[in-house]
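In: need coordinates for the below:
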Amino acid sequence: MEKIYAGIGSRRLTADQLKICRWIGYHLAKRGWTLSTGAAKGADQAFAEGALKGGGKVILHLPWWSYEQEWVDTMCARYGDRVIIDVLDSERDKEALRSVEIYHPAWYRLSQGALKLHARNYKIVKDVEIILAWPVNNSGGTMQGIRIAEDLGIRVLRLDDQNMLRRIIRKLKQK
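Out: All right, here's what the predicted structure looks like:
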């Protein structure tokens, strides 16, 4: 059975934090884990780059086809069928779209683009075993993913918790 984790986080991580996301993605890929993420700049792309360099597979959940197109096209060209693209579809993904009303505190104020980004968050986390999340300021899409995961009973490991981060790094350093 395929082991899938979500790697999510802020677009505003530091260069050192992004390096850690790449390192984690790489080492989880070496252990046979598949990454589910959203292709956003920052943590999503860093997790994906690490996972692909580690020989793993990545499922990229996109809110629309042209989202981060240059980066997505580069990853597809470089890594081929190890990059799986899943684009939000308003007919097929009604559950994901409804999730925004359930989990977002101000869903009624969202633009269509923001609504799709948050619906994509549901798709990223709903079928995974565990979530590695690096939020900044407890806001944005990362927190939406955390709220969804907690409601669905999926374990969330927050990388902004230094003790948790140390434990994860220590565990991944073991053979």
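In: strands of the chain, start to end?
Out: Secondary structure of the chain (DSSP state E): strands at 3-9, 33-37, 58-62, 83-87, 130-134, 155-158.
In: can I get those strands in a markdown table including mean neighbour count, distance to Gly140 and mean pLDDT?
Out: In this view, the C-beta of every residue, glycine as well, is placed from N, C-alpha and C. Shown next, in a markdown table, are the strands of the chain (neighbours: other CB atoms under 10 Å; distance: least, CB to CB, whole Å; pLDDT from 0 to 100):
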| stretch | mean neighbour count | distance to Gly140 | mean pLDDT |
| --- | --- | --- | --- |
| strand 3-9 | 24 | 10 | 98 |
| strand 33-37 | 24 | 15 | 98 |
| strand 58-62 | 23 | 16 | 98 |
| strand 83-87 | 16 | 21 | 98 |
| strand 130-134 | 23 | 11 | 98 |
| strand 155-158 | 16 | 14 | 98 |
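In: rebuild those as a markdown table, extending it with distance to Gln69.
Out: What follows is those, written out as a markdown table (distance: least, CB to CB, whole Å):
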| stretch | distance to Gln69 |
| --- | --- |
| strand 3-9 | 20 |
| strand 33-37 | 16 |
| strand 58-62 | 9 |
| strand 83-87 | 11 |
| strand 130-134 | 24 |
| strand 155-158 | 29 |
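In: give me the beta-bridge partners of Tyr5?
Out: Beta-bridge partners recorded for Tyr5 (DSSP bridges): Leu35, Ile130.
In: right, and it touches Val128 too?
Out: Yes. Using CB atoms under 8 Å, Tyr5 makes contact with Val128 at a distance of 5.5 Å.
In: anything in contact with each of these two?
Out: Shared contacts of Tyr5 and Val128, defined by CB atoms under 8 Å, 6 or more residues apart in numbering, are found at Ser36.
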